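Visitor: This is a predicted model, with the sequence first.
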Amino acid sequence: MNPTPLEAPLYDALRRFADEQPLRMHMPGHKGIGLPVPELKGYAAIDFTELDRTGDLYQPDGLIEGAEQLWADYWGSEHCLFLTGGSTQGIHTALNLASRPGETVLMDRTSHRSLHTAMALLDLRPLWLDRPWLEEGGVYGPVSPQTVAAILETQPDCKTVCITSPTYYGVCSDVKAIAAVCHAYGAKLVVDAAHGAHLPLFYSQNPYGDADLTVISTHKTLPAPGQTALLFANGYSMDDLRRSSLLFATSSPSYPMMAALDRLRTWLAAGGEERCFLVGGAVLQLREKYPCLREENCVLDPMRLTLLVEDGAAVNLELEALGVYPEMHDARHVVFILTGADGEEQLERLDASLTALGLAYQDPYQPPRLLPPPPVTVCTPRAAVFGKTELLPLRDAEGRIAAEQIAPYPPGVPVVAPGERITKMHLAYLTEIGYNSFNEDICVVEDGSSPRP
């Protein structure tokens with residue numbers, strides 16, 4: 001009997017099995033009796049290992065695969081894979097499926113560090129995809145389908161495109177149009193939608209529906225435990241997804257995390273969607289009241305609030321003094337993630353705190369453009385990361401080839417990526433944005449070594 005959308009087959013099966021109080025002569029070591037942290041006692045009850053009664057994430061299985069298929073149907077894709085290693089696991093899995101060692105990937109420069117790590121692990125060569133700079137907001141704008149088409153026209157061997165939508169600041173690209181361009185040129189589209197798990201709720205059609213591989217972090221914008229994520233796929237089999245994922249994932253995935261993914265879908269279907277809509281409406285009101293990145297600047301994530309202020313660090317400190325902790329801040333922005341877990345009390349508290357700072361009805365601050373030109377690529381990411389390296393303080397790294405990302409986190413977007421040369425301009429930019437790691441050692445290509453181009 002097939003489960004209905006409001007059923008959670010994996011969670012329900014684990015709960016029934018736990019209620020039988022079986023004698024657990026298997027992992028994990030707490031045996032379902034309890035953990036030394038009282039708050040996690042209930043967590044232990046459904047924390048099993050791979051058994052006939054619990055299924056196996058990496059084998060064709062009616063229980064877990066059935067729960068994954070319900071997510072695929074809900075999302076509107078062919079297949080879905082549960083991820084317990086966050087979107088990083090999903091990004092590595094997706095790029096491994098979409099490309100082969102030595103190939104070129106047309107890649108969004110604003111990508112998260114996990115994509116740059118994948119370049120080194122998979123021996124891929126990045127071809128950077130530029131975004132327009134939005135002067136009014138001081139952020140990169142959406143990826144242009146026309147830009148993607150122009151590059152693929154001149155790079156016929158590039159068969160993988162990877163973009164980020166939405167960005168950390170909430171900027172959304174037209175994924176459907178970009179997917180059409182990619183497919184016209186015989187390329188696969190991989191979308192890092194880590195911050196977009198909730199976005200399909202706000203559209204009549206899923207904006208990611210035409211992408212070949214889409215990775216979402218349920219834990220970022222939906223009520224789900226840390227590290228839970230999903231990989232959606234079109235044109236690949238479940239066996240493809242499982243085999244690729246096993247290269248990067250633990251062989252002991254967390255059953256409570258998978259059960260939480262199963263129950264999250266039923267939460268959405270049973271009222272969670274409406275809660276997200278209500279919060280989205282509140283965000284629109286907050287944008288009108290406070291100096292924010294707004295829809296007239298570009299298409300935005302409806303549940304993200306990005307303040308445009310003269311001193312992001314100072315505003316962040318003032319908010320923390322009031323007990324309000326934003327997701328991130330930089331020199332000119334403060335970013336808040338709102339979700340369906342936020343209720344009237346949380347929204348009122350945020351509104352009152354921003355008013356207390358005197359931000360109501362201020363004009364958005366227009367940040368000056370401080371960005372240096374992109375670094376020069378000297379060698380492949382893999383050659384830099386896995387070649388001969390040495391450590392030295394970042395302040396002394398001018399002229400050296402980076403062997404790791406120099407990526408203020410959040411948002412985790414590298415200013416300099418592995419294989420690129422660090423210049424005085426990039427060091428000055430890091431100082432301007434408040435990056436405070438100049439006394440920390442970073443990894444660079446060993447002086448005098450000759451990494452592969």
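Guide: That came through, no problem. This structure is a prediction, so every number in the text was calculated from the model and none was measured.
Visitor: Need phi/psi at residue 116.
Guide: phi -70, psi -40 (degrees, to the nearest 10).
Visitor: what about the nearest residue to residue 138 once chain neighbours are set aside, how many residues close to it?
Guide: Distance criterion Cβ to Cβ, 6 or more residues apart in numbering; nearest residue to residue 138, sequence neighbours excluded, is residue 367 at 3.1 Å. Quick note: C-beta positions are derived from backbone N, CA and C, even for glycine. By other Cβ atoms under 10 Å, 20 other residues sit near residue 367.
Visitor: Also residue 28?
Guide: Neighbours around residue 28, by other Cβ under 10 Å: 15.
Visitor: Can you classify it by secondary structure?
Guide: coil (DSSP: H, G, I helix; E, B strand; the rest coil).
Visitor: quick one, what contacts it?
Guide: 47, 48, 49 (Cβ atoms under 8 Å, 6 or more residues apart in numbering).
Visitor: Now the buried members of those residues.
Guide: 47, 48 (16 or more other Cβ atoms under 10 Å).
Visitor: ok, the contacts of residue 28 vs residue 256, which is closest?
Guide: Among these, residue 47 lies closest to residue 256 (Cβ to Cβ), at 5.2 Å.
Visitor: Do you know the pLDDT at that closest one?
Guide: Each residue has a pLDDT score; the one for residue 47 is 93.
Visitor: which residues does it contact?
Guide: Contacts of residue 47 by Cβ under 8 Å, 6+ apart are 28, 30, 32, 254, 255, 256.
Visitor: where does the closest residue to residue 53 other than its chain neighbours land in three-state SS?
Guide: Among residues not flanking residue 53 along the chain, residue 17 sits closest, at 5.1 Å (Cβ to Cβ, 6+ apart). Following three-state DSSP, residue 17 is assigned to helix.
Visitor: Is there a neighbour count for residue 17? I'd like the number.
Guide: Using other Cβ under 10 Å, residue 17 has 17 other residues around it.
Visitor: Equivalent analysis for residue 226, please.
Guide: Residue 226, neighbours per other Cβ under 10 Å, totals 9.
Visitor: and it, how far is that from residue 58?
Guide: Going from residue 226 to residue 58 by Cβ to Cβ, to the nearest Å gives 22 Å.
Visitor: do the same with residue 131
Guide: For residue 131 relative to residue 58 (Cβ to Cβ), the value is 37 Å.
Visitor: mind checking the backbone torsions on residue 61?
Guide: Taking degrees, to the nearest 10 as the convention, residue 61 sits at phi -150, psi 130.
Visitor: what about the strands in the stretch 301-450 of the chain?
Guide: Counting by DSSP state E, counting those that start in this stretch, the stretch 301-450 of the chain has strands at residues 304-308, 328-329, 333-337, 389-393, 441-445.
Visitor: make that the stretch 151-300 of the chain, sorry
Guide: Counting by DSSP E, counting those that start in this stretch, the strands of the stretch 151-300 of the chain are 160-164, 188-192, 213-216, 229-233.
Visitor: for residue 138, what are its contacts?
Guide: So, once contact is read as Cβ under 8 Å, 6+ apart, residue 138 ends up touching 308, 332, 333, 366, 367, 368, 369.
Visitor: Closest one of these to residue 261?
Guide: Once Cβ to Cβ is applied, the member of the contacts of residue 138 that ends up nearest residue 261 is residue 333, at 31.0 Å.
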